[in-house]
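J.: quick one: sequence and predicted model below, then my questions.
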Amino acid sequence: MRSVLVTGGAGFLGSHLCERLLKENKEVLCVDNFFTGSRHNVDQLLDNASFKLLQHDITTPLHVETGEIYNLACPASPKHYQFDPVQTTKTNVLGAINVLDLARRLKIKVLQASTSEVYGDPHTHPQAEDYWGNVNPIGARSCYDEGKRCAETLFFDYVRQYDVPAKVVRIFNTYGPRMQPDDGRVVSNFIVQALSNQDITIYGDGGQTRSFCYVDDLIEALIRMMATSGDIHGPVNIGNPVEMTVRHLAELVIELTGSSSRLRFRPLPADDPRQRQPDIAKARELLDWAPTVGLREGLARTIAYFEDLLRSDEHRVLRSLSPVQ
Ligand code: NAD
Ligand code: UDP
């Protein structure tokens, strides 16, 4: 099982996953259409003979040979997935069908990067895997939420109908180095704003909550989930259960950066979930996994990354690659 396909491998999480798999002596085929990811994220891997990069859109079938598949391709930030919502749904649904057909043909494991967004604006707290969710099917976030829900449906139908060893993890807000500076997600926004002493943009009153997981912890969980036997399908929540308000996060980022930024309140986007906290009992039991990097430590590492980035020209390069400004 040396060769691994990572779709969305040039994105934030994908590039960390590729790096980790190469450290484990795997051969990695990274497939990406570079919508939100970039070659830049995998530059350091290009000289490795075990790494291959293929520009391809997963909405069209993929004819490759591989030993297992991680399906991460899909823009993850609301700004990017709402830029072309029809394409987002296609990526989720057609992309899932294409990776599942490949896994079926090759009789290999395939893991889906699903999301806490399948719970929508939840009525139960914290969210466990048996909660079915509260999702608006026709709103601005639906292309992502419902797209991911449909992908999960497909994964479980391929298990039932074709006996594919398919697996689903539901990822809660994850942050770390290689998030795009203009991605629009809360951690990258706050850090970039704080480092450049701009106002910190809080949507709504900042009382909504999220639970933030550092990228290395998340990648460890993906690897452990893939390593489970073929009859383990999930879904399994992956995230850090330490929950906080968005306003508290802003204050923490200001403290850690020593910034003079002030808080600026802006309208809350439609259908923005009020609270989010993973119940990770299943991940603890099945994967013997729990996060190890605390928020202060993870934010410090992420802040160091953005400090370097903002000092260098790479920042401008990345901005020019981004399809949404
Ligand atoms: P990202 O936007 O940095 O990465 C997504 C990658 O997929 C990018 O490299 C992009 O170019 C690629 N991509 C998009 N559409 C594609 C297509 N049609 N064909 C091929 N490649 C395509 O986002 P991320 O944070 O790295 O997220 C990776 C995965 O994890 C996504 O599926 C996302 O839904 C899921 N996820 C992430 C988080 C998080 O907090 N980061 C939370 C929940 C779920
Ligand atoms: N948010 C904010 N200011 C920003 C970006 C985001 O207050 O500059 C809020 C957003 O409204 C949401 C939370 O932070 O309540 C997390 O947003 P993100 O887009 O990172 O993730 P998601 O909403 O998908 O969980």
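T.: Sure thing, it's come through. Ligands and ions are numbered 1, 2, ... in the order given.
J.: spit out the contact partners of the nearest residue to N134 once chain neighbours are set aside.
T.: For N134, ignoring the flanking residues on the chain, the nearest one in space by CB to CB, 6 or more residues apart in numbering is G120 at 4.3 Å. Yep, even glycine has a C-beta here, placed from its N, CA and C like the rest. Applying CB atoms under 8 Å, 6 or more residues apart in numbering, we find G120 in contact with G133, N134, V135, N136, D145, D271, P273.
J.: can you rerun that using 10 Å?
T.: Contact analysis of G120 by CB atoms under 10 Å, 6 or more residues apart in numbering lists 127, 131-137, 139, 141-142, 145-146, 149, 271, 273.
J.: try R274
T.: Here R274 is in contact with D121, P122, H125, G204, G207, Q208, T209, L268 (CB under 10 Å, 6+ apart).
J.: phi and psi next, for the residue located most distally from the centre of the chain.
T.: Within the chain, the residue lying farthest from the chain centre (CA atoms, centre = their mean) is S260, at 30.2 Å. Per-residue torsions, S260: phi -100, psi 10 (degrees, to the nearest 10).
J.: so it makes contact with I254?
T.: Yes: contact criterion CB atoms under 10 Å: S260 and I254 qualify, at 8.4 Å.
J.: quick check: neighbours shared by those two?
T.: A194.
J.: could I get the phi/psi values of H56?
T.: phi -160, psi 140.
J.: tell me the mean pLDDT for stretch 249-261?
T.: For stretch 249-261, mean pLDDT is 97.
J.: same deal with stretch 156-169?
T.: Averaged over stretch 156-169, pLDDT sits at 98.
J.: same deal with stretch 309-325?
T.: The model assigns stretch 309-325 a mean pLDDT of 59.
J.: tabulate the contacts of R274 (a markdown table), appending secondary structure.
T.: Output for these, formatted as a markdown table (DSSP: H, G, I helix; E, B strand; the rest coil):
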| residue | secondary structure |
| --- | --- |
| D121 | coil |
| P122 | coil |
| H125 | coil |
| G204 | coil |
| G207 | coil |
| Q208 | coil |
| T209 | strand |
| L268 | coil |
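J.: for ChimeraX, write the selection for the buried entries among the residues you listed.
T.: The following ChimeraX line selects those of those that are buried, judged by 16 or more other CB atoms under 10 Å:
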select :121,122,208,209,268
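J.: which two of the contacts of R274 have the greatest separation?
T.: The largest separation in the contacts of R274, counting by CB to CB, is between H125 and L268 at 18.9 Å.
J.: now do the SS call for L218.
T.: Quick answer, by three-state DSSP: L218 is helix.
J.: wouldn't E27 be in contact with S3 here?
T.: Yes: between E27 and S3 a contact is recorded at 4.3 Å, counting by CB under 10 Å.
J.: ok, which stretches of this protein are strands?
T.: Here the chain has its strands, by DSSP state E, at 3-7, 27-32, 51-55, 68-71, 109-115, 166-171, 174-175, 200-203, 209-211, 213-214, 236-238, 243-245, 263-266.
J.: and the ones you listed as JSON lines, adding distance to N41?
T.: Listed next are these as JSON lines, based on distance: least, CB to CB, whole Å:
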{"stretch": "strand 3-7", "distance to N41": "12"}
{"stretch": "strand 27-32", "distance to N41": "9"}
{"stretch": "strand 51-55", "distance to N41": "10"}
{"stretch": "strand 68-71", "distance to N41": "15"}
{"stretch": "strand 109-115", "distance to N41": "16"}
{"stretch": "strand 166-171", "distance to N41": "18"}
{"stretch": "strand 174-175", "distance to N41": "15"}
{"stretch": "strand 200-203", "distance to N41": "25"}
{"stretch": "strand 209-211", "distance to N41": "24"}
{"stretch": "strand 213-214", "distance to N41": "17"}
{"stretch": "strand 236-238", "distance to N41": "21"}
{"stretch": "strand 243-245", "distance to N41": "28"}
{"stretch": "strand 263-266", "distance to N41": "29"}
